[in-house]
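Undergrad: quick one: sequence and predicted model below, then my questions.
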Amino acid sequence: MSGDLPLPSERRILVIDDNTAIHQDFRKILGRPGDAEMEMESTEALFFGKDARTWFDIDSACQGREGLEKVARAMEEGRPYSIAFVDVRMPPGWDGIETVEHIWKICPDIQIVLCTAYSDCSWHDMRDRLDARDRMLILKKPFDGIEVLQMAHALTEKWSLLQESKVRVGNLEAVVGHRTRELEESEKAALLLRDEALDARRKAEQALAALRRECEERARLETRFREQASLLDKARDAIVVRDLDHRVTYWNKSAERLFGWNAEEALGRPVQELISQDAAAFEGACAELRESGEWAGEQEVVTRDGKHIVIDARWTLVRDENSQPSRVLAIQTDITRHKDFERQFLRAQRLESIGTLAGGIAHDLNNVFTPIMMGVELLQMNMRDPRAEALLRTVAGSAARGAEMVNQVLSFARGEEGPRLEVEANALITDVVQFVSETFPKNVRIEHVADSPACMFSGDPTRLHQVLVNLCVNARDAMPEGGRIFIKASTVEFDPAVAAGILDARPGPHVRIGVEDEGGGISPDVMERIFDPFFTTKEPGKGTGLGLPTSLSIVKSHGGFMMAENSPAGGAIFTLYFPATAGKTAQAVVAATPPLPRGNGETILVVDDEEPIRGVARQILEAFGYRVMVAADGEEACLIYAKHGAAIAVVLTDMMMPGRDGPAAIREISKMNPRVKIIATSGISTHGATARTAAPQVSHFLAKPYTTGILLKALGEVLAS
């Protein structure tokens, strides 16, 4: 086709079909000689005669969007297509009906022939769906060459006649418009002449003066209106005026910024189309507006770009000069960030309340564990039955584990940073697997894949435990029907080149901990936002969107980084990397246990509001050579010390007691004897600082639950000092 002059627009045809063979068929039937094989010449000659060969300029597209682009380009070039042969079914993407809808929006005159090989495609249904009565034909596959030629010539002629008629109509409208303006001007001239003939000079001058005053007033009002409109556009609130049918009549700049629609797009359209919101809530607000003339409240709406926001709306019913409702003034403020801050504040308050509650529970539980642990040790000293000794060891271990769990819960609830210790990854995973296995449904299995016997790094075990439990919970939620969770620890070495290509990575050895599930994986759009605070795919009330961001923050605070990806099997994999340390797994050291220190008849005053603690402490201390006095609260302790203070060597007092508590009793006893020796105890570890500030005489603090060895060692150190 190169080197030929372009054909007129009426002979330009576009074929849109996902089958390129169809493109060749149309070129064979309709294309100019040399473009395709000439088998169709005999057909055309049969229909038109040998000297009547007519060809068309054939363009083709495989999808609807491509066809639309070619139509638009042809319009820009001033050489539009006269006919488009469009296939009905073109997966993926638009089908033929959608393609025609888009084409007619930019080129309404193009003649459409829908091509289909399916009998279930009803011509009437397609025509009604497109609302096309005279602009569309249907062509069944396989094509008949003569039928295609007939359609091409007929529709080309129709298109040409349509363009010619448009030109003629346009010329006629121009002539009619010109004559109408001449008649209107003539009528105005005649009226002016009549007025000049009938009215006196005085009335004309008065009328002119009145007209001038009116023009000046209107100009003043227009200026004032423009100033007020400018001020409204500068307002931070979205200001919208709508008529009683809720069609927009005014839309300020803030409304454009907030909802995404500009004023030209918004004017005249129903507000429900521009601001998507709950239909029932909207109708309820309108009913209250009609009844009281005003409405105010919060609305959750969706903007043009699909963003969910919360607005504070104030509606006012505006009345005309006859006190009849005429329009609605709506002032709307974006309070999305305020609501987010409010939710964060309430969540922080809840966490603070949980921390306070956890502190009280921890204190009570530690008071429960203290006599158990000390009592077990007292029994073990006199136990000779091996089976009973084994049972006591089990009780002691369970009590110690329970006390550690209480301390972990308290530390997490208060957000306290625990000490950085040498952590062995497999040991950490073992604890997490044991904890999770006891709490997860039975259809979810946790498997620990141990790859290396010694994966050491420095960290806070409590917070690392929190991270792994959170990842396991997410994995469980991704498998509502059950499945397996794999946790694996290994070591990896990053050289400088590899570390430079990974965000937050550093060269050197790292401990790698992976958590993998058998769920459905993470979609690409969700993967981009999983670490965003408050982003969650869970239902309301089932997730805050803070789990992964918090876990990522904890990992980064350890100098590590976290990566998320989908596994080839379909699940999700979260991998944690921590800088490895040179530490090795601890080796068991068998050494003789030193004997516990004993007393020499010294008197110890035990002050605690828990009777089991007082009783067990009395038995243990007396068994190790001490004399014991007990008090149930601070008031009783002060009375006993006032009477027997000279004989009392050490005061062992709890910090939290009803009435006069530990700090008050410490201060009072210190006044009686500035050289008194005091050991403070409490079920809450933070009370150690409180005890030392109460009086300088407090030399030791024991966090409950404590063992017999810890108590006796502390007494020995205090008495020796």
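TA: Structure's in. What do you need? Numbers count the residues shown, from 1 in each chain.

Undergrad: C-alpha only now, for contacts and for neighbours.
TA: Will do.

Undergrad: now stretch 698-705 - C-alpha only, PDB.
TA: In PDB, the C-alpha atoms belonging to stretch 698-705 read as follows (Å, rounded to 0.1, in the frame of the first residue of the first chain):
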ATOM      1  CA  VAL A 698      16.300  -1.000 101.800                       C
ATOM      2  CA  SER A 699      19.400  -2.900 100.600                       C
ATOM      3  CA  HIS A 700      17.700  -5.700  98.600                       C
ATOM      4  CA  PHE A 701      14.600  -6.300  96.600                       C
ATOM      5  CA  LEU A 702      13.200  -9.800  95.800                       C
ATOM      6  CA  ALA A 703      10.700 -10.100  93.000                       C
ATOM      7  CA  LYS A 704       8.000 -12.700  93.700                       C
ATOM      8  CA  PRO A 705       8.000 -15.600  93.200                       C
END
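
Undergrad: so which elements touch the helix or strand where residue 68 lies?
TA: For residue 68, the element it lies in under DSSP states H and E is helix 64-77. For helix 64-77, the elements it packs on are strand 12-16, helix 96-106, judged by 3 or more CA pairs under 8 Å, 6 or more residues apart in numbering; DSSP states H and E.

Undergrad: pLDDT weak spots in the stretch 351-500 of the chain?
TA: Low-confidence segments of the stretch 351-500 of the chain (pLDDT under 70): 351-360, 362-363, 378, 380, 382-385, 388-392, 394, 396-419, 450-453.

Undergrad: where exactly do the helices run in it?
TA: 386-413, 425-439, 461-477, 496-500 (DSSP state H, counting those that start in this stretch).

Undergrad: check which residues of the second one are buried.
TA: Pointing back at helix 425-439 there. Using 16 or more other CA atoms under 10 Å as the test for burial, helix 425-439 gives 425, 426, 427, 428, 429, 432, 433, 436.

Undergrad: by contact count, what packs against it?
TA: Identification of packing neighbours for helix 425-439 by 3+ CA pairs under 8 Å, 6+ apart yields strand 444-450, helix 461-477, strand 483-494.

Undergrad: so where do the strands sit in the stretch 51-200 of the chain?
TA: 57-61, 83-87, 111-116, 136-140 (DSSP state E, counting those that start in this stretch).

Undergrad: what lines up beside the first one in the sheet?
TA: Looking at strand 57-61 with DSSP bridges, its partner strands are strand 12-16 (parallel).

Undergrad: the strand it pairs with to helix 96-106, inter-axis angle?
TA: 140 degrees (axes from the mean of the first three to the mean of the last three CA atoms, to 10 degrees).

Undergrad: strand 12-16: how far from the chain's middle?
TA: 46 Å (CA atoms, centre = their mean, to the nearest Å).

Undergrad: same thing with stretch 238-254?
TA: With CA atoms, centre = their mean, you get 31 Å for stretch 238-254.

Undergrad: which one of the helices and strands packed on helix 64-77 lies closest to residue 314?
TA: For residue 314, the closest of the helices and strands packed on helix 64-77 is helix 96-106, at 38.5 Å, according to CA to CA.

Undergrad: buried residues in that closest one, which are they?
TA: With burial defined by 16+ other CA under 10 Å, the residues of helix 96-106 counted as buried are 96, 97, 99, 100, 102, 103, 104.

Undergrad: tell me how far the first one lies from residue 482.
TA: What that stands for is residue 96. 44 Å (CA to CA, to the nearest Å).

Undergrad: now do the helix or strand harbouring residue 513 and helix 461-477, the angle between them.
TA: In the assignment (DSSP H and E), residue 513 maps to strand 508-517. Here the directions of strand 508-517 and helix 461-477 differ by 40 degrees (the same axes, to 10 degrees).

Undergrad: who does strand 508-517 pair up with?
TA: When pairs are called by DSSP bridges, strand 508-517 turns out to pair with strand 483-494 (antiparallel), strand 572-579 (antiparallel).

Undergrad: may I have that strand as PDB, with CA atoms only?
TA: Output of strand 508-517 as PDB, limited to C-alpha atoms (Å, rounded to 0.1, in the frame of the first residue of the first chain):
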ATOM      1  CA  GLY A 508      28.200 -10.700  57.900                       C
ATOM      2  CA  PRO A 509      26.600 -13.800  59.400                       C
ATOM      3  CA  HIS A 510      22.900 -13.700  60.100                       C
ATOM      4  CA  VAL A 511      20.400 -15.900  61.900                       C
ATOM      5  CA  ARG A 512      17.400 -16.600  59.600                       C
ATOM      6  CA  ILE A 513      14.000 -17.600  61.000                       C
ATOM      7  CA  GLY A 514      11.200 -18.400  58.500                       C
ATOM      8  CA  VAL A 515       7.500 -18.900  59.200                       C
ATOM      9  CA  GLU A 516       5.600 -20.500  56.300                       C
ATOM     10  CA  ASP A 517       1.900 -21.500  56.000                       C
END
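
Undergrad: and the helix or strand following it, how far out from the chain middle?
TA: Beyond strand 508-517 on the C-terminal side, the first helix or strand identified by DSSP H and E is helix 524-527. Centroid separation for helix 524-527 versus its chain: 11 Å, with CA atoms, centre = their mean.

Undergrad: ok, and what's touching helix 524-527?
TA: Helix 524-527 is contacted by residues residue 564 when judged by CA atoms under 8 Å, 6 or more residues apart in numbering.

Undergrad: quick one: mean pLDDT for it?
TA: Helix 524-527 carries an average pLDDT of 78.

Undergrad: ramachandran angles for residue 79?
TA: Residue 79 has phi and psi values of phi -130, psi 70 when expressed as degrees, to the nearest 10.

Undergrad: as TSV, the helices and strands packed on helix 64-77 with distance to residue 266 and mean pLDDT would be great.
TA: Output for the helices and strands packed on helix 64-77, formatted as TSV (distance: least, CA to CA, whole Å; pLDDT from 0 to 100):
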stretch	distance to residue 266	mean pLDDT
strand 12-16	35	93
helix 96-106	20	91
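
Undergrad: now tabulate those in CSV and tack on distance to residue 285.
TA: Listed next are the helices and strands packed on helix 64-77 as CSV, based on distance: least, CA to CA, whole Å:
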stretch, distance to residue 285
strand 12-16, 49
helix 96-106, 37
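
Undergrad: looking at these, which is nearest to residue 169?
TA: helix 96-106 (20.7 Å).

Undergrad: now the angle from the closest one to strand 136-140?
TA: Using the same axes, to 10 degrees: helix 96-106 against strand 136-140 is 150 degrees.

Undergrad: number of nearby residues for the nearest residue to residue 704 once chain neighbours are set aside?
TA: Excluding the flanking residues, the one nearest residue 704 by CA to CA, 6 or more residues apart in numbering is residue 683, at 4.6 Å. Using other CA atoms under 10 Å, residue 683 has 29 other residues around it.

Undergrad: residue 683 and residue 361, how far apart?
TA: Per CA to CA, residue 683 is found 9 Å from residue 361.

Undergrad: check residue 32 too.
TA: In terms of CA to CA, residue 32 sits 91 Å off from residue 361.

Undergrad: buried stuff in the helix holding residue 68?
TA: By 16+ other CA under 10 Å, the buried positions in helix 64-77 come out as 64, 65, 67, 68, 70, 71, 72, 74.

Undergrad: sorry, back to before: looking at the helices and strands packed on helix 64-77, which is nearest to residue 478?
TA: Per CA to CA, nearest to residue 478 of the helices and strands packed on helix 64-77: helix 96-106, 37.3 Å.

Undergrad: what does the closest one contact?
TA: Helix 96-106 has contacts (CA under 8 Å, 6+ apart) with 64-65, 67-68, 71-72, 86-90, 110, 112, 114, 126, 129-130.

Undergrad: pretty sure residue 87 is touching residue 20, no?
TA: No. When contacts are counted by CA atoms under 8 Å, residue 87 is not listed as touching residue 20 (11.5 Å).

Undergrad: who has more neighbours out of these two?
TA: residue 87 (27 against 13).

Undergrad: now the more buried one: closest residue in space that isn't a chain neighbour?
TA: Distances taken as CA to CA, 6+ apart put residue 115 closest to residue 87, at 4.6 Å, once the chain neighbours are dropped.
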